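Trainee: Need a 3D model of the following:
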Amino acid sequence: QWQHPNNAQNFLVEDPGIYAVVGGTIKVIKKYPKVCPGTPPCSNNGICINGTCQCKKGYYMMDCSKHCQSNEIVCDNAYCFKGDKCPEKPLPGCQTYHDGVCSGSETNMPSSFAKRRWQTPERGSPLWKPSYQDFSHLVGYTKVQYDASHTSATVEFLVETKDPNAKITYIFDGQSTESSTKKFDQSTTGPISISASLDSGHSIKLDDVDFIWNAPVVNHTTGDYQNGQKGAIVQMFQWKDEEIEKECHMLSKAGYLGVLLSPHQEQLMSMEPERGALNPWYYAYQPTSYSLNGRMGTRDDLRKMIITCRSLGVRIYADIVANHFTGNGNSIDQHRHDNGGTCVYWPGKNATGGSPFFNQGYNYKPNVNSDLPPSQEYPMAAIGPMDFHCERPLNSWNSGFDLNFGWLVSLTDLKTDSDRVRERIAAYMTDLLSIGISGFRGDAMKHMQPDDHVAIFQKLVRNFGGSLPPDFLYWGEVLAGGEADMLLCNPDSGYNYGSYFTTKLINAGISNDDVKKIKLWAAWYPNAPSEDCHQIDRWRESIMNDDHDQQFGGNSRDMHSRGSVLVLDRNIDAHRSFEVRLFSNPYEQESNNDWPIRLVLSSYYFSAEGYVSPPDGLSDCSLCTINCDDCQSVPYIPASVDDRCGYEASGDGRLLGQGYTLVHRDRSII
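Mentor: Residues are numbered from 1 along each chain as shown. So this is what the prediction gives:
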């Protein structure tokens with residue numbers, strides 16, 4: 001018994017039981033025997049002292065019933081941990097970590113963040129999944145470099161290991177070697193497998209490697225002008241590979257040059273709705289790796305579709321996301337934040353291919369491997385914490401510095417001014433071209449400074465023996481808006497995609513023919529043909545009527561009365577007339593050799609309830625497992641249906657408003 005300064009009193013008893021304090025003294029009501037939990041007490045793995053088990057080394061729980069392995073220690077008498085000391089405990093209350101944030105003009109992550117790598121759960125640990133492989137110990141990617149004729153190639157397998165002294169065995173198509181490179185030629189008639197193992201027994205297996213010579217030759221068709229450098233491309237927004245493969249038969253007959261896919265790299269998925277939408281469309285623009293196993297299909301699905309479409313004379317183009325990875329707070333970890341005094345938690349998310357991924361936002365628990373706060377790491381892409389810019393908001397759209405280094409809507413911003421990251425992006429683009437892709441739309445191009453793009457294209461040209469494939473195309477998304485002078489007109493702005501960008505490409509040793517293949521999407525169409533101040537050759541501009549971002553209010557592009565967004569305006573006649581004008585007389589002028597690439601958006605209608613997720617079956621709420629009460633279900637509807645026409649409408653001319661728009665099937669546009 002002892003007394004506090006405020007006259008309060010505490011009492012301590014040794015034996016378990018029921019006691020009362022009477023007149024300042026302790027009175028025993030009932031004593032209990034000093035029995036410890038467990039049968040027998042402490043499970044024979046500890047000593048019972050006053051009703052409490054003191055477990056032997058390596059045992060834990062109140063009854064000492066569980067045991068750790070010899071290379072593990074007991075933490076909090078609750079779990080085993082591989083390491084010399086137990087991890088730090090989660091932050092108290094609703095606090096979250098707040099580091100890796102830029103200060104002033106800083107752009108790089110602190111050097112100490114290099115220690116935050118290798119965050120993937122260890123094989124055999126409670127959180128490990130087979131798709132995580134042994135990314136806790138090694139990561140890697142392949143770089144393919146072709147000769148000038150594109151008939152032979154050297155494959156380099158770049159592997160990094162947690163243990164710098166680990167011995168690596170490289171396995172090319174089942175053949176083990178200590179060399180990280182191997183040459184192949186046209187005698188290799190299919191994809192090859194790639195894997196690596198360490199002397200510790202840890203291993204990884206990556207996507208197969210394809211070679212460009214195995215893709216079918218695209219024969220000339222009615223709509224193919226100047227060997228793929230002029231024609232009409234359909235953006236089949238959120239169409240699955242198998243549906244596009246079926247549709248290519250129609251596209252070939254209609255004379256389309258090709259199809260633009262939605263992003264086909266591994267991307268974000270969730271079993272919990274976000275603001276009611278399960279797996280909304282924009283998750284496709286949050287990559288988790290450069291693996292080609294995405295929402296639209298697997299690598300095998302993609303290859304099969306490309307073979308069919310190219311055999312029919314239809315080229316395939318990929319929408320690539322090179323500026324960023326997932327949004328901050330979207331990772332496999334649980335996250336939380338204080339929402340006006342309420343602590344809101346959300347569970348970890350998944351990747352379409354099952355790989356692990358991490359970032360720094362809204363975390364409150366240290367990583368179990370590093371005992372440090374989590375940071376950006378995407379192991380399947382061999383991308384780690386030091387490959388990102390430090391976190392800063394994008395406050396000014398008129399500042400090249402903010403455009404380049406700011407985290408666009410909190411998306412983890414890649415350090416594209418790093419040669420290492422540039423090599424990784426070039427290797428990804430090379431992989432897509434190798435499987436039979438003919439070119440790219442560059443998403444969020446203006447959020448990477450022009451010099452970064454020049455360096456990436458220089459590496460891509462090198463990977464193809466000094467020149468890009470003959471029918472290669474690229475068009476980058478540069479929405480000018482109020483920044484037109486900086487982005488397009490003023491070559492001395494320090495952030496110019498007009499004459500400055502063109503000059504830099506030529507100075508980098510890229511040929512004039514290849515520079516002509518690197519275009520911008522002229523988002524200023526159809527209102528302002530001179531918004532680029534005539535700094536860009538019209539041969540290097542692509543144009544279209546409505547674009548996919550406009551459907552969701554996702555960009556600042558305003559066509560005024562010169563264009564129409566189909567799924568919002570729902571006016572068939574108006575939309576059709578603007579699509580016809582796109583191909584006949586854009587800007588009301590003869591344009592046979594201007595704007596050689598023109599695109600048609602073929603998207604999907606929003607549901608009758610206004611839900612905007614794609615009807616590909618992966619936004620159906622039957623897949624929801626967490627917080628499903630407000631889930632806005634969008635069931636599967638097939639995209640390629642034989643007996644449907646473009647703008648299918650009811651008898652009074654109104655849009656039916658379900659499924660896919662099929663604009664590209666309209667006879668007037670064809």
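
Trainee: Spatially nearest residue to C36, not counting backbone neighbours?
Mentor: With C-beta to C-beta, 6 or more residues apart in numbering as the measure, C48 is the residue that lies nearest to C36, at 3.6 Å, once sequence neighbours are left out. Yep, even glycine has a C-beta here, placed from its N, CA and C like the rest.

Trainee: where does that neighbour fall, phi/psi-wise?
Mentor: C48 has phi and psi values of phi -90, psi 120 when expressed as degrees, to the nearest 10.

Trainee: Could you tell me which residues make contact with it?
Mentor: Residues in contact with C48 (C-beta atoms under 8 Å, 6 or more residues apart in numbering) are 34-36, 41-42, 54.

Trainee: The same query, at a cut-off of 7 Å, please.
Mentor: When the contact criterion is C-beta atoms under 7 Å, 6 or more residues apart in numbering, the partners of C48 are 36, 41-42.

Trainee: which of the residues you listed count as buried?
Mentor: In the contacts of C48, burial by neighbour count holds for 36, 41-42, counting by 16 or more other C-beta atoms under 10 Å.

Trainee: Nearest residue to L198 in space, please, no chain neighbours.
Mentor: In space, and not counting its chain neighbours, L198 is closest to A166: 4.6 Å by C-beta to C-beta, 6+ apart.

Trainee: Just list whatever residues bridge to the residue nearest to C36.
Mentor: Note on C48: beta-bridge partners C53, judged by DSSP bridges.

Trainee: Starting from I506, give me the distance back to it.
Mentor: Between C48 and I506 the distance, using C-beta to C-beta, to the nearest Å, works out to 82 Å.

Trainee: Counting neighbours, what do you get for the residue nearest to L198?
Mentor: A166 has 16 neighbouring residues, counting by other C-beta atoms under 10 Å.

Trainee: And it, its phi and psi?
Mentor: Reported as degrees, to the nearest 10, the phi and psi values for A166 are phi -70, psi 140.

Trainee: With the one 10 residues further on instead?
Mentor: In this entry, S176 is assigned phi and psi values of phi -80, psi 140 (degrees, to the nearest 10).

Trainee: Name the nearest residue to it, sequence neighbours excluded.
Mentor: Here the residue nearest S176, using C-beta to C-beta, 6+ apart, is T169, at 5.4 Å.

Trainee: who are the neighbours of the helix or strand harbouring the one you found, in terms of helices and strands?
Mentor: Using DSSP states H and E, T169 sits in strand 168-172. Contact partners of strand 168-172 among helices and strands, from 3 or more C-beta pairs under 7 Å, 6 or more residues apart in numbering; DSSP states H and E: strand 152-161, strand 194-198.

Trainee: Single out the most deeply packed of the ones you listed.
Mentor: Stretch with highest mean neighbour count among the helices and strands packed on strand 168-172: strand 194-198 (a mean of 20; mean count of other C-beta atoms under 10 Å).

Trainee: I'd like the next helix or strand past that strand.
Mentor: Moving toward the C-terminus from strand 194-198, the first helix or strand encountered (DSSP H and E) is strand 203-205.

Trainee: Tell me which residues are up against the following helix or strand past that following strand.
Mentor: With elements assigned by DSSP H and E, the helix or strand that comes after strand 203-205 is strand 231-236. Strand 231-236 has contacts (C-beta under 7 Å, 6+ apart) with 223-225, 244, 251, 256-261, 317, 548, 583, 597-602, 664.

Trainee: Going through these, which ones are buried?
Mentor: The buried subset of the contacts of strand 231-236 (16+ other C-beta under 10 Å) comprises 223-225, 244, 251, 256-261, 317, 548, 597-602, 664.

Trainee: Apart from its chain neighbours, what residue comes closest to G140?
Mentor: V159 (3.8 Å).

Trainee: check contacts around the one you found.
Mentor: By C-beta under 7 Å, 6+ apart, the neighbours of V159 are 138, 140, 168, 180, 196.

Trainee: Let's see the pLDDT reported for the residue nearest to Q54 when sequence neighbours are not counted.
Mentor: Beyond its immediate neighbours in the sequence, the residue positioned closest to Q54 (C-beta to C-beta, 6+ apart) is I47, lying 4.9 Å away. Confidence at I47, expressed as pLDDT, is 92.

Trainee: so how many other residues sit close to I47?
Mentor: I47 is surrounded by 13 other residues when neighbours are defined as other C-beta under 10 Å.

Trainee: H324 against T412, yeah?
Mentor: Yes - taking C-beta atoms under 7 Å as the definition, H324 is a contact partner of T412 at 5.6 Å.

Trainee: So which of those two has more stuff around it?
Mentor: Neighbours were tallied for H324 and for T412 using other C-beta under 10 Å; the higher tally belongs to T412 (31 against 25).

Trainee: pLDDT wise, what is that one at?
Mentor: 98.
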